[in-house]
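Engineer: What follows is a predicted structure for the sequence shown.
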Amino acid sequence: MLKKLLPILLLAIIATSVSYAQNLADSGYYYQKLGFKDKAAGFFEEYIISDPSNYQVRLDLGFLYMDTKQTTKAREQFDYVSKNSTSETELQMSKQMVLNIDAANGNNNTNNQVVYSSSQSYPDSGHYYYNNGNKTKAAQFFELHLKEKPRDTKTRMQLAYIYYDKKNYKNSLKHFDYVGSHTTDSQEKEQSKSASLVLRDELAGTSKRSIDLYFHNFYDSFQENYIANLVGHVNFRLGPGFYAGPYLDVYTDSRSTKALVYNDRFVEIGLFFRYFIMKNLFFEARLGYTRQIDLDSNKINIKPMLVYFNRFGDAKVYVGSKSSSKTSMYLDIYYAAMYDYKYKNAFLQGMLQQVLRFHTGGYSYVENYLFQAGQFDGRKLDYNNYFEVGTGIRFKPNIMVFPVLFVEPTYKMYFFGDKKNSFQIKAGFVFNYRAAL
């Protein structure tokens, strides 16, 4: 009986010891992440007693000793790895660190080997950890290197991408902005400037507070009418995909009257709740106080809406002077379904745009586009039910945050009532702004 149980007991003991050793390593990395370096080193020390051939842990222990100024202990770990590991990267790293420590201690008897300075070892260490999947440690060494060589834009780009992958958008944006302002490499400038603009939008979506503004202002030649729509939100992030806060919605024109309504004019302010069902699909509910200009009335309004938007294709946001590609093509899609209590009316809207963008340098571009748009309502009011097709030209100056100017001839076809189909030229601007607060 004892002979049968003995193998089982041995297996149990081995499994328990392996599990215990792994727990020691995991605990070490846990406390290292929290910043308790001495505690982390203690767990690593216990771990290598049970598994002395884990050279990755020995290297990490050596760097912990370096961080805590225990260079003698650090050298012991690096020296052990340099004499026992079979990994080329581990050998190179450990030998280099031994040379660095000896050089720092004034021991220059290195048998004519090259002594690496810390300015060389920091980026090499960063790349070593990055290639082994430890981006946190890689970022620490890249940061140390940048303290000595702050104008190393290639390292800054690497660090910016690491922070982006770790969703540390503020630090990522800091390094992209620095590269965009200081690099002399045209490709680096294009990549960093483009990344900065995209990151600002992502930062707005993940920050606790943000603001977004949409302002569409144009002149309609057929109506001989100036039309403007302003929508703004102050967003408080309640959780992933959940936002709430105050909003303002204004729609007005220069010609509508009580007797002849070209557009439903109103001013509305209130509170909203928004939930992103998917990245490009959200539900929003508004509760506001509204002034209906043409009906000369004030009332409480409830407005639920479901909105889908997406962009397919490549729409570059910044192009350098030496870029090999200065054109972009993309397709924009927008659909919205809503109920507006103040008008006791339901609406369905949709738009497609096919766009060819010619980049003229920096943030500047000229676009030629086709579009198809339609709107329908439940009450079948003539001015709310139409299909519109057109083309246009848009221009944006070389300024990161600036309105886009446009001119577009369009043809509008109405479905109900006596309103006649019309051809018009619209000219104006669209301003979109989104930023963290």
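Structural biologist: Ah, there it is. Residues are numbered from 1 along each chain as shown.
Engineer: what residue ranges in the chain score low on pLDDT?
Structural biologist: Scanning the chain with the threshold set as pLDDT under 70 gives 1-23, 30, 33-35, 107-121.
Engineer: Run through the helices of it in chain order.
Structural biologist: Secondary structure of the chain by DSSP state H: the helices cover 2-34, 37-50, 55-67, 71-84, 88-104, 118-131, 135-148, 153-165, 169-182, 186-206.
Engineer: Present the ones you listed as CSV; the columns should include distance to Ala427.
Structural biologist: Yep, even glycine has a C-beta here, placed from its N, CA and C like the rest. What follows is the helices of the chain, written out as CSV (distance: least, Cβ to Cβ, whole Å):
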stretch, distance to Ala427
helix 2-34, 57
helix 37-50, 64
helix 55-67, 62
helix 71-84, 69
helix 88-104, 62
helix 118-131, 51
helix 135-148, 48
helix 153-165, 39
helix 169-182, 33
helix 186-206, 26
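Engineer: Buried deepest among these, which one?
Structural biologist: Among the helices of the chain, ranked by average contacts under mean count of other Cβ atoms under 10 Å, first place goes to helix 55-67 (a mean of 22).
Engineer: what's next to that one, contact-wise?
Structural biologist: Helix 55-67 is touched from outside by 25, 28-29, 32, 37, 40-41, 44-45, 47-48, 51, 71, 73-75, 77-78, 80-81, 84-85, 87, 90, 93-94, 97, 125, 132, 137, with contacts defined as Cβ atoms under 8 Å, 6 or more residues apart in numbering.
Engineer: next one: stretch 253-269
Structural biologist: Outside of stretch 253-269, the residues that reach it under the criterion Cβ under 8 Å, 6+ apart are 223-228, 246-252, 286, 288-296, 301, 342-343, 383-384.
Engineer: Now the buried members of the residues you listed.
Structural biologist: When these are checked for burial by 16 or more other Cβ atoms under 10 Å, the buried set is 223, 225, 227-228, 247, 249-252, 286, 288, 290-294, 301, 342-343, 383-384.
Engineer: These in strands, which ones?
Structural biologist: When strands are assigned by DSSP state E, the members of the buried ones among the contacts of stretch 253-269 inside them are 225, 227-228, 247, 249-252, 286, 288, 290-292, 301.
Engineer: who's in contact with the residue positioned nearest the centre of the chain?
Structural biologist: Against the mean C-alpha coordinate of the chain, by Cα atoms, centre = their mean, the closest residue is Glu202 at 3.2 Å. Each residue near Glu202 by Cβ under 8 Å, 6+ apart is listed here: Tyr169.
Engineer: 10 Å instead?
Structural biologist: By Cβ atoms under 10 Å, 6 or more residues apart in numbering, the contact set of Glu202 is 164, 167, 169, 172-173, 434, 436.
Engineer: Likewise for Gly28?
Structural biologist: By Cβ under 10 Å, 6+ apart, the residues touching Gly28 are 36, 39-48, 57, 60-61, 64.
Engineer: Can you pick out the most distant pair from the residues you listed?
Structural biologist: Using Cβ to Cβ, the two most remote members of these are Phe36 and Ile48, lying 18.4 Å apart.
Engineer: Just give the number of residues close to Met278.
Structural biologist: Applying the criterion other Cβ atoms under 10 Å, we find 9 residues in the vicinity of Met278.
Engineer: Look up the residues forming beta bridges with it.
Structural biologist: When bridges are taken as DSSP bridges, the partners of Met278 come out as Leu281.
Engineer: For it, list the residues it contacts.
Structural biologist: Under the criterion of Cβ under 10 Å, 6+ apart, the contact list for Met278 reads 241, 308, 310.
Engineer: roughly how far apart are it and Tyr308?
Structural biologist: Remark: distance between Met278 and Tyr308 (Cβ to Cβ, to the nearest Å) = 9 Å.
Engineer: Which positions are bridged to Gly239 in the beta structure?
Structural biologist: Each beta-bridge partner of Gly239 is listed here, defined by DSSP bridges: Phe242.
Engineer: burial of it, as a residue count?
Structural biologist: Counted with other Cβ under 10 Å, residues neighbouring Gly239 total 7.
Engineer: for the one 3 residues further on, same thing?
Structural biologist: Other residues near Phe242 come to 12 when the count uses other Cβ under 10 Å.
Engineer: residue contacts, it?
Structural biologist: With contacts defined as Cβ under 10 Å, 6+ apart, Phe242 is in contact with 236, 273-276.
Engineer: just to revisit the earlier point, tell me the one among the ones in strands among the buried ones among the contacts of stretch 253-269 nearest to Phe141.
Structural biologist: Distances from these to Phe141 were compared by Cβ to Cβ; the smallest belongs to Tyr247, at 45.8 Å.
Engineer: now stretch 72-91: how far from the chain's centre is it?
Structural biologist: Centre-to-centre, stretch 72-91 and its host chain are 39 Å apart (Cα atoms, centre = their mean, to the nearest Å).
Engineer: likewise stretch 404-421?
Structural biologist: Mean C-alpha position of stretch 404-421 versus that of the full chain (Cα atoms, centre = their mean) differs by 37 Å.
Engineer: Of all the helices of the chain, which one is nearest Thr410?
Structural biologist: Of all the helices of the chain, it is helix 186-206 that lies closest to Thr410, at 29.0 Å by Cβ to Cβ.
Engineer: what angle sits between the closest one and helix 153-165?
Structural biologist: Put simply, helix 186-206 runs at 20 degrees to helix 153-165, going by axes from the mean of the first three to the mean of the last three Cα atoms, to 10 degrees.
Engineer: Please list all residues in contact with the nearest residue to Asn105 once chain neighbours are set aside.
Structural biologist: With Cβ to Cβ, 6 or more residues apart in numbering as the measure, Thr71 is the residue that lies nearest to Asn105, at 7.2 Å, once sequence neighbours are left out. Applying Cβ under 10 Å, 6+ apart, one finds that Thr71 lies in contact with 62, 65, 78, 97, 100-102, 104-105.
Engineer: same thing but at 8 Å, please
Structural biologist: Applying Cβ under 8 Å, 6+ apart as the definition, the contact partners of Thr71 turn out to be 65, 101, 104-105.
Engineer: same deal with Ala41?
Structural biologist: Residues counted as contacts of Ala41 (Cβ under 8 Å, 6+ apart) are 28, 61, 64-65, 68.
Engineer: just to revisit the earlier point, with distance to Leu159 as added columns, please give the ones in strands among the buried ones among the contacts of stretch 253-269 in CSV.
Structural biologist: What follows is these, written out as CSV (distance: Cβ to Cβ, whole Å):
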residue, distance to Leu159
Asn225, 52
Ile227, 47
Ala228, 44
Tyr247, 38
Asp249, 42
Val250, 43
Tyr251, 46
Thr252, 48
Arg286, 42
Gly288, 45
Thr290, 49
Arg291, 51
Gln292, 54
Asn301, 49
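Engineer: farthest pair in these?
Structural biologist: With distance counted by Cβ to Cβ, no two of those lie farther apart than Asn225 and Arg286, which are 26.3 Å apart.
Engineer: how far away is the nearest residue to Gly180 once chain neighbours are set aside from Lys167?
Structural biologist: Distance criterion Cβ to Cβ, 6+ apart; nearest residue to Gly180, sequence neighbours excluded, is Ser192 at 4.1 Å. Counting by Cβ to Cβ, the gap from Ser192 to Lys167 is 19 Å.
Engineer: Lovely, talk soon.
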